[in-house]
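S.K.: Fold the following for me, if possible:
(2 chains)
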There are 2 protein chains.
Amino acid sequence: MADAVLFEFLHTEMVAELWAPDPDPGPGGQKMRLSVLEGIGFRVGQALGERLPRETLAFREELDVLKFLCKDLWVATFQKQMDSLRANHQGTYVLQDNSFPLLVPMASGPQYLEEAPKFLAFTCGLLCGALRTLGFQSLVTASVTALPACKFQVVIQKS
Amino acid sequence: MADAVLFEFLHTEMVAELWAPDPDPGPGGQKMRLSVLEGIGFRVGQALGERLPRETLAFREELDVLKFLCKDLWVATFQKQMDSLRANHQGTYVLQDNSFPLLVPMASGPQYLEEAPKFLAFTCGLLCGALRTLGFQSLVTASVTALPACKFQVVIQKS
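M.R.: Sure thing, here's the model as predicted:
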């Protein structure tokens, strides 16, 4: 049946619920809601990270970890692999998904572009949380130019 | 990897987020939060219902629909079937899950019993929403006597 879409439905309704009391909360309210979603994503990412097999946790090369996110984490979450991974320069990576599942339902018109951040915040947190469990501090941001494609930029923080 | 648990992690964090601003919000606040969860569950249940194959939507016998929830919907959501279904009297059904996955993490002690409603409200809504899509108005409530077992009572509303 529909088990693969259960997570997507729940994510969609969680976003809808957060914006329900005030669909246009202004920049401050918008930022607060996005950080709630990012926090939820972070903790889910950490929890997923803790479920990884031990041998996975042994790799410590940055690029291996990023490849793992693009393949295993993405398949576990979205039933597909990330479309490309580019290392821009040391510690900065760009992960591109040409048809990001959480954006697909709203990809019918460019007028929805400004709604996109709502549907990316959870996943930025997810990546950041999984990286934390794997031993890396990071900053993760997302951008969209043409729906439903998007790019996640991951900057690994050096300690 | 961990795709089967993704939904459970997201559900857990959504509950935690709702109670984060005030862990003890009093009866009114508690009720409001539970109804938020129930509403999210209802809309997810409706959406899942809309994904059902057309032949499934053809059955109209109450008991068939309840059996479908206990088997197909439960497997899609929790990767297991409901343990028992009892028709109490006309239009009232008791669905029992002896090890309800959303209660398992908190089943380590009876002191958590009072926390149980938080982890049942979404699923009450889910059942009610799926029933609505299948053509039935219902009232769904849940009760727990010994964690992690629980019972869902479904009362079909006659029009």
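S.K.: Mind naming the longest helix for chain A?
M.R.: helix A:26-50 (DSSP state H).
S.K.: which SSE is the residue nearest the centre of chain A in?
M.R.: Residue closest to the average C-alpha location in chain A (C-alpha atoms, centre = their mean): residue A:123, at 2.0 Å. Using DSSP states H and E, residue A:123 sits in helix A:121-133.
S.K.: got the angle between that helix and helix A:26-50?
M.R.: Put simply, helix A:121-133 runs at 40 degrees to helix A:26-50, going by axes from the mean of the first three to the mean of the last three C-alpha atoms, to 10 degrees.
S.K.: re the thing from before, residues contacting the residue nearest to the centre of chain A?
M.R.: A:41, A:77, A:100, A:102, A:142, A:152 (C-beta atoms under 8 Å, 6 or more residues apart in numbering or on different chains). The C-beta positions use only the backbone N, C-alpha and C, and glycine is treated the same way.
S.K.: Can you give me the pLDDT of the fourth one?
M.R.: In this case it means residue A:102. pLDDT recorded at residue A:102 is 93.
S.K.: just the second one next, same as before
M.R.: In the prediction, the pLDDT value recorded for residue A:77 is 90.
S.K.: Which other helices and strands does the helix or strand containing residue A:153 contact?
M.R.: Assigned by DSSP H and E, residue A:153 falls within strand A:150-156. Packing partners of strand A:150-156 (3 or more C-beta pairs under 8 Å, 6 or more residues apart in numbering or on different chains; DSSP states H and E): strand A:92-97, helix A:121-133, strand A:138-143.
S.K.: ok, 10 Å please
M.R.: helix A:62-68, strand A:84-89, strand A:92-97, helix A:121-133, strand A:138-143 (3 or more C-beta pairs under 10 Å, 6 or more residues apart in numbering or on different chains; DSSP states H and E).
S.K.: and that strand, C-alpha only, in PDB?
M.R.: Below are the C-alpha coordinates for strand A:150-156, written out as PDB (Å, rounded to 0.1, in the frame of the first residue of the first chain):
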ATOM      1  CA  CYS A 150      17.000  21.700  -5.100                       C
ATOM      2  CA  LYS A 151      20.500  21.900  -3.800                       C
ATOM      3  CA  PHE A 152      21.700  21.400  -0.200                       C
ATOM      4  CA  GLN A 153      24.900  23.100   0.700                       C
ATOM      5  CA  VAL A 154      26.800  21.400   3.500                       C
ATOM      6  CA  VAL A 155      29.700  23.200   5.200                       C
ATOM      7  CA  ILE A 156      31.700  21.100   7.600                       C
END
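S.K.: buried stuff in it?
M.R.: A:150-154, A:156 (16 or more other C-beta atoms under 10 Å in any protein chain shown).
S.K.: got JSON lines for those residues, with distance to residue B:69 too?
M.R.: Output for the buried residues of strand A:150-156, formatted as JSON lines (distance: C-beta to C-beta, whole Å):
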{"residue": "A:150", "distance to residue B:69": "36"}
{"residue": "A:151", "distance to residue B:69": "41"}
{"residue": "A:152", "distance to residue B:69": "37"}
{"residue": "A:153", "distance to residue B:69": "43"}
{"residue": "A:154", "distance to residue B:69": "41"}
{"residue": "A:156", "distance to residue B:69": "46"}
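S.K.: And the residues you listed, which is closest to chain B?
M.R.: Taking C-beta to the nearest C-beta as the measure, chain B lies nearest residue A:152 of the buried residues of strand A:150-156, at 17.8 Å.
S.K.: residues contacting that closest one?
M.R.: A:69-70, A:82, A:85, A:93-97, A:100, A:120, A:123-124, A:126-128, A:140-143 (C-beta atoms under 10 Å, 6 or more residues apart in numbering or on different chains).
S.K.: Any idea what it is bridged to?
M.R.: Per DSSP bridges, the residues bridged to residue A:152 are residue A:95, residue A:142.
S.K.: Give me the pLDDT for it.
M.R.: 98.
S.K.: From residue A:61, how far out is it?
M.R.: 19 Å (C-beta to C-beta, to the nearest Å).
S.K.: And residue A:18, by the same measure?
M.R.: Taking C-beta to C-beta, one finds residue A:18 at 37 Å from residue A:61.
S.K.: Tell me, how many residues neighbour residue A:29?
M.R.: 14 (other C-beta atoms under 10 Å in any protein chain shown).
S.K.: Quickly note the distance from it to chain B.
M.R.: 15 Å (C-beta to the nearest C-beta, to the nearest Å).
S.K.: about what we covered before: tell me which residues in the helix holding residue A:123 are buried?
M.R.: Of the residues in helix A:121-133, those buried (16+ other C-beta under 10 Å) are A:121-131, A:133.
S.K.: One more: stretch A:82-91?
M.R.: A:82, A:85.
S.K.: anything in that stretch near chain B?
M.R.: No - with C-beta under 10 Å from any C-beta of the partner chain as the criterion, chain B is not reached by stretch A:82-91; the gap is at least 14.6 Å.
S.K.: For that stretch, which outside residues touch it?
M.R.: By C-beta under 10 Å, 6+ apart, the list of residues contacting stretch A:82-91 reads A:62-63, A:66-67, A:69-71, A:73-75, A:92-100, A:136, A:138, A:149, A:151-158.
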